[in-house]
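Chemist: Below is the sequence, then the predicted model.
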Amino acid sequence: MFKAKILFIGPNESGKTVLANFLSDTTENVGGEYRPTQGVRILEFESQPEGSGDNKTCEVELWDCSGDFKFESCWPALMKDSSGVVIIFNPDVPSHLKEIETWYSMFISSQGLQDNQCLLMAHHKPGSEVEDGRLPLASHLSRLPLIHSNLEEEPEDVRQAFCRYLGNVVNTMSESREREEMSIIT
(Lines give C-alpha, C1' and ligand atoms only; values in the text may rest on other atoms or scores of the structure.)
Protein backbone atom coordinates (compact mmCIF):
# COMPACT_ATOMS: atom_id res chain seq x y z
CA MET A 1 0.00 0.00 0.00
CA PHE A 2 1.27 3.44 -0.91
CA LYS A 3 1.65 6.10 1.75
CA ALA A 4 1.28 9.63 0.39
CA LYS A 5 2.48 12.67 2.31
CA ILE A 6 0.47 15.65 1.07
CA LEU A 7 1.19 19.21 2.24
CA PHE A 8 -1.67 21.71 2.53
CA ILE A 9 -0.04 25.13 2.26
CA GLY A 10 -1.12 28.68 1.52
CA PRO A 11 -1.91 32.06 3.01
CA ASN A 12 -3.43 32.58 6.46
CA GLU A 13 -7.20 32.15 6.71
CA SER A 14 -7.53 30.47 3.32
CA GLY A 15 -9.39 27.38 4.58
CA LYS A 16 -6.59 24.78 4.80
CA THR A 17 -7.73 23.36 8.14
CA VAL A 18 -11.42 23.26 7.17
CA LEU A 19 -10.56 21.36 3.97
CA ALA A 20 -8.12 19.04 5.77
CA ASN A 21 -10.74 18.19 8.39
CA PHE A 22 -13.38 17.60 5.73
CA LEU A 23 -11.22 15.39 3.48
CA SER A 24 -9.96 13.30 6.40
CA ASP A 25 -13.49 13.01 7.86
CA THR A 26 -12.16 14.52 11.07
CA THR A 27 -15.24 16.70 11.40
CA GLU A 28 -18.48 17.39 9.60
CA ASN A 29 -18.74 20.92 10.98
CA VAL A 30 -17.86 23.38 8.20
CA GLY A 31 -18.41 26.59 10.18
CA GLY A 32 -16.90 27.72 13.42
CA GLU A 33 -14.52 30.26 14.86
CA TYR A 34 -11.16 30.84 13.16
CA ARG A 35 -8.14 29.51 15.05
CA PRO A 36 -4.82 29.70 13.21
CA THR A 37 -2.78 26.50 12.96
CA GLN A 38 0.41 26.63 14.98
CA GLY A 39 3.19 25.04 12.94
CA VAL A 40 1.58 21.94 11.46
CA ARG A 41 -1.18 19.39 12.12
CA ILE A 42 -0.83 15.89 10.69
CA LEU A 43 -4.02 14.03 9.82
CA GLU A 44 -3.84 10.36 8.81
CA PHE A 45 -6.56 8.53 6.92
CA GLU A 46 -7.12 6.03 4.11
CA SER A 47 -8.47 7.01 0.72
CA GLN A 48 -9.31 5.45 -2.64
CA PRO A 49 -7.28 7.41 -5.19
CA GLU A 50 -9.10 7.74 -8.52
CA GLY A 51 -7.33 6.47 -11.62
CA SER A 52 -4.37 4.99 -9.76
CA GLY A 53 -4.30 1.86 -11.88
CA ASP A 54 -4.85 -1.01 -9.46
CA ASN A 55 -7.48 0.98 -7.49
CA LYS A 56 -6.04 0.13 -4.09
CA THR A 57 -6.49 2.03 -0.89
CA CYS A 58 -3.80 4.57 -0.09
CA GLU A 59 -2.64 5.78 3.32
CA VAL A 60 -2.65 9.57 3.37
CA GLU A 61 -0.66 11.79 5.70
CA LEU A 62 -2.20 15.20 5.25
CA TRP A 63 0.07 17.90 6.65
CA ASP A 64 -2.02 20.99 7.42
CA CYS A 65 0.72 23.64 7.49
CA SER A 66 0.39 27.06 9.09
CA GLY A 67 0.28 29.98 6.68
CA ASP A 68 2.23 32.13 9.12
CA PHE A 69 5.73 33.05 7.95
CA LYS A 70 7.01 32.90 11.52
CA PHE A 71 7.19 29.12 10.96
CA GLU A 72 9.29 29.49 7.79
CA SER A 73 12.37 27.98 9.48
CA CYS A 74 10.40 24.72 9.89
CA TRP A 75 9.35 24.45 6.24
CA PRO A 76 12.37 22.47 4.97
CA ALA A 77 11.59 19.77 7.55
CA LEU A 78 7.91 19.73 6.50
CA MET A 79 8.85 19.37 2.82
CA LYS A 80 11.10 16.35 3.39
CA ASP A 81 9.73 13.26 1.60
CA SER A 82 6.49 14.96 0.57
CA SER A 83 4.60 13.27 -2.27
CA GLY A 84 2.49 16.25 -3.23
CA VAL A 85 1.57 19.85 -2.45
CA VAL A 86 -1.85 21.52 -2.45
CA ILE A 87 -1.82 25.33 -2.41
CA ILE A 88 -5.07 26.57 -0.91
CA PHE A 89 -6.12 30.20 -1.23
CA ASN A 90 -9.22 32.36 -0.89
CA PRO A 91 -10.10 33.91 -4.29
CA ASP A 92 -12.05 36.66 -2.44
CA VAL A 93 -8.77 38.04 -1.03
CA PRO A 94 -6.78 39.77 -3.83
CA SER A 95 -3.46 39.51 -1.96
CA HIS A 96 -3.77 35.69 -1.93
CA LEU A 97 -3.32 35.54 -5.73
CA LYS A 98 0.08 37.21 -5.36
CA GLU A 99 1.01 35.31 -2.20
CA ILE A 100 0.52 31.88 -3.79
CA GLU A 101 3.44 32.68 -6.11
CA THR A 102 5.68 32.76 -3.02
CA TRP A 103 4.26 29.46 -1.79
CA TYR A 104 4.86 27.94 -5.23
CA SER A 105 8.51 28.96 -5.32
CA MET A 106 9.20 27.87 -1.73
CA PHE A 107 7.41 24.51 -1.76
CA ILE A 108 7.07 23.34 -5.36
CA SER A 109 9.82 24.69 -7.61
CA SER A 110 12.45 24.26 -4.85
CA GLN A 111 11.56 20.54 -4.57
CA GLY A 112 11.29 19.92 -8.29
CA LEU A 113 7.80 18.44 -8.04
CA GLN A 114 5.97 17.61 -11.26
CA ASP A 115 2.81 19.54 -12.12
CA ASN A 116 0.63 16.45 -11.51
CA GLN A 117 1.92 16.28 -7.91
CA CYS A 118 0.55 19.76 -7.28
CA LEU A 119 -2.91 21.23 -7.00
CA LEU A 120 -4.26 24.76 -6.65
CA MET A 121 -7.47 24.97 -4.67
CA ALA A 122 -9.51 28.17 -4.75
CA HIS A 123 -11.51 27.72 -1.56
CA HIS A 124 -14.80 29.62 -1.52
CA LYS A 125 -15.89 30.41 2.00
CA PRO A 126 -19.58 30.73 2.91
CA GLY A 127 -21.00 33.89 1.30
CA SER A 128 -18.20 34.07 -1.28
CA GLU A 129 -18.75 36.58 -4.08
CA VAL A 130 -16.20 35.21 -6.56
CA GLU A 131 -17.47 33.00 -9.38
CA ASP A 132 -15.80 29.73 -10.34
CA GLY A 133 -14.37 31.38 -13.45
CA ARG A 134 -10.82 32.04 -14.56
CA LEU A 135 -8.48 33.64 -12.07
CA PRO A 136 -5.61 35.98 -13.02
CA LEU A 137 -2.80 33.53 -12.20
CA ALA A 138 0.88 33.89 -13.09
CA SER A 139 1.86 31.78 -16.13
CA HIS A 140 3.80 29.16 -14.11
CA LEU A 141 0.79 28.73 -11.81
CA SER A 142 -1.71 28.44 -14.67
CA ARG A 143 0.02 25.16 -15.69
CA LEU A 144 -1.09 23.55 -12.42
CA PRO A 145 -4.49 21.89 -12.04
CA LEU A 146 -6.97 24.28 -10.38
CA ILE A 147 -10.17 23.33 -8.63
CA HIS A 148 -12.73 25.53 -6.94
CA SER A 149 -13.96 24.22 -3.60
CA ASN A 150 -17.20 25.10 -1.91
CA LEU A 151 -18.03 22.87 1.04
CA GLU A 152 -21.49 24.37 1.52
CA GLU A 153 -22.75 23.77 -2.00
CA GLU A 154 -20.61 20.97 -3.52
CA PRO A 155 -18.80 19.01 -0.79
CA GLU A 156 -18.64 15.71 -2.69
CA ASP A 157 -17.23 17.45 -5.78
CA VAL A 158 -14.34 18.61 -3.60
CA ARG A 159 -13.76 15.08 -2.28
CA GLN A 160 -13.85 13.59 -5.82
CA ALA A 161 -11.43 16.22 -7.14
CA PHE A 162 -9.03 15.46 -4.27
CA CYS A 163 -9.27 11.71 -4.99
CA ARG A 164 -8.43 12.37 -8.67
CA TYR A 165 -5.44 14.46 -7.57
CA LEU A 166 -4.40 11.71 -5.14
CA GLY A 167 -4.58 9.22 -8.02
CA ASN A 168 -2.11 11.39 -9.99
CA VAL A 169 0.23 11.52 -6.99
CA VAL A 170 0.08 7.74 -6.45
CA ASN A 171 0.72 7.12 -10.17
CA THR A 172 3.78 9.38 -10.02
CA MET A 173 5.01 7.59 -6.87
CA SER A 174 4.48 4.21 -8.56
CA GLU A 175 6.36 5.27 -11.72
CA SER A 176 9.20 6.64 -9.60
CA ARG A 177 9.41 3.41 -7.60
CA GLU A 178 9.47 1.34 -10.82
CA ARG A 179 12.29 3.49 -12.27
CA GLU A 180 14.25 3.12 -9.04
CA GLU A 181 13.79 -0.67 -9.05
CA MET A 182 14.85 -0.87 -12.71
CA SER A 183 17.98 1.18 -12.03
CA ILE A 184 18.94 -1.28 -9.27
CA ILE A 185 18.39 -4.27 -11.57
CA THR A 186 20.33 -2.85 -14.52
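Modeler: Received, thanks.
Chemist: Okay, and the spatially most central residue of the chain sits in which element?
Modeler: The centroid of the chain falls nearest to V86 when counting by C-alpha atoms, centre = their mean (2.0 Å). Assigned by DSSP states H and E, V86 belongs to strand 84-89.
Chemist: That strand pairs with which strands?
Modeler: Take DSSP bridges as the rule and strand 84-89 pairs in its sheet with strand 3-9 (parallel), strand 118-123 (parallel).
Chemist: Quick check on L113: phi, psi?
Modeler: Backbone torsions for L113, taken as degrees, to the nearest 10, come to phi -70, psi 150.
Chemist: what does Q160 give?
Modeler: Torsion angles, degrees, to the nearest 10, at Q160: phi -60, psi -40.
Chemist: And the closest residue to it other than its chain neighbours, how far from G167?
Modeler: Distances taken as C-beta to C-beta, 6 or more residues apart in numbering place E50 nearest to Q160, at 7.2 Å, with adjacent residues excluded. Quick note: C-beta positions are derived from backbone N, CA and C, even for glycine. According to C-beta to C-beta, to the nearest Å, E50 and G167 sit 4 Å apart.
Chemist: Any idea how far stretch 41-54 is from the middle of the chain?
Modeler: Distance of stretch 41-54 from the chain centroid (C-alpha atoms, centre = their mean, to the nearest Å) equals 12 Å.
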